[in-house]
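Student: no sequence for this one, just the structure:
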């Protein structure tokens, strides 16, 4: 196992200090696909194991980007695990948290192949053909006109936890678990960065906007920009969302997303104006006793005594009221 080494990388915004740890397969690898996994205080050992057991893993490199977590025990566990798998692995530890958009850009900067697969740290491939399926899809696009493209594999809840404390998140995620046939009817609508293969040329032309801080909407902004110039294709190559949030964590995420939604509105007013969420938020800005309704909707969303469908609708209403405050 190689000793950790330091890398000083300069970009247009700041000097970013990163600690690198490469396993023994990294230096000699000639990857055709780079798997970039942004992470914050998440142990990606199981995900690294799962990817290393996939067919064609010898043609891949795995880049885990720890975004300022500063959990040295966790990093040590991942480094030890990376030394035990038969795949090229680099673990990058940023000395500061730069936000989700910046973490994706920074992880992609370490990629050595032309195709970069973004995979969230709480996702897991569902098939041993996961990597091979993406490589086959990329091969079909390796033509001068079509090579720079976006390929979305999709997500599911197939192996997600079923404990009742995750029921609200499962209900919220279920409508996004769609077949490629359905997603290809409106390709740009269903671009999500949790399981996304993208050609490096696309990222060079349209990096993730690092003005998005906190949580949410940076991948929507990126998709709205990139799809103007590059084609989007959807395939059936799902990853399971195994890291569902409990009620408190889910609501906390949405509570932090208001500023990002306002930035999305500012950058894409016409596209956002067509979103039902935006139209509802605009309509509810002048709602009498809006703050009281917001408190009530949050309480009902968290009530385990209510049917999950009713709780989910209360969560949607609460989210609309959160966004109404920033418009």
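Tutor: Looks like it arrived, so ask away. Please read all numbers here as calculations on a predicted model, not as lab measurements.
Student: any idea how far the nearest residue to residue 297 once chain neighbours are set aside is from residue 245?
Tutor: The spatially closest residue to residue 297, leaving aside those adjacent along the chain, is residue 318, at 3.8 Å (Cβ to Cβ, 6 or more residues apart in numbering). No exception for glycine: its C-beta is placed from N, CA and C like everyone else's. Residue 318 sits 15 Å away from residue 245, going by Cβ to Cβ, to the nearest Å.
Student: those two: which has the busier surroundings?
Tutor: Remark: of residue 318 and residue 245, residue 318 carries more neighbours, 22 against 19, as counted by other Cβ atoms under 10 Å.
Student: so which bits of stretch 43-52 are buried?
Tutor: Neighbour-count burial for stretch 43-52, counted by 16 or more other Cβ atoms under 10 Å, picks out 43-45, 47-48, 50-52.
Student: cool, and stretch 206-213?
Tutor: The neighbour-count check on stretch 206-213 (16+ other Cβ under 10 Å) flags 206-210, 212-213 as buried.
Student: mind putting the buried residues of stretch 43-52 into JSON lines with pLDDT and secondary structure?
Tutor: What follows is those, written out as JSON lines (pLDDT from 0 to 100; DSSP: H, G, I helix; E, B strand; the rest coil):
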{"residue": "43", "pLDDT": "93", "secondary structure": "coil"}
{"residue": "44", "pLDDT": "95", "secondary structure": "coil"}
{"residue": "45", "pLDDT": "95", "secondary structure": "helix"}
{"residue": "47", "pLDDT": "96", "secondary structure": "helix"}
{"residue": "48", "pLDDT": "97", "secondary structure": "helix"}
{"residue": "50", "pLDDT": "96", "secondary structure": "helix"}
{"residue": "51", "pLDDT": "97", "secondary structure": "helix"}
{"residue": "52", "pLDDT": "96", "secondary structure": "helix"}
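Student: from these, pick the one nearest residue 89.
Tutor: Distance to residue 89, by Cβ to Cβ, is smallest for residue 48 among the buried residues of stretch 43-52, at 6.1 Å.
Student: list the contacts for that closest one?
Tutor: 62, 64, 78, 81-82, 85, 87, 89 (Cβ atoms under 8 Å, 6 or more residues apart in numbering).
Student: in stretch 26-41, what's buried?
Tutor: 26, 29, 31-39.
Student: figure out how far it is from the centre of its chain.
Tutor: 15 Å (Cα atoms, centre = their mean, to the nearest Å).
Student: pLDDT on that stretch, on average?
Tutor: Mean pLDDT, stretch 26-41: 95.
Student: what's the span of it from first residue to last?
Tutor: 23 Å (Cα to Cα, to the nearest Å).
Student: stretch 178-198 now?
Tutor: 20 Å.
Student: quick one: average pLDDT of that stretch?
Tutor: 93.
Student: again, but for stretch 94-105
Tutor: 89.
Student: pull out the buried positions in the helix or strand harbouring residue 81.
Tutor: Assessed by DSSP states H and E, residue 81 sits inside helix 72-82. Buried residues in helix 72-82, defined by neighbour count with 16+ other Cβ under 10 Å: 74-75, 78-79, 81-82.
Student: good, we can wrap up now.
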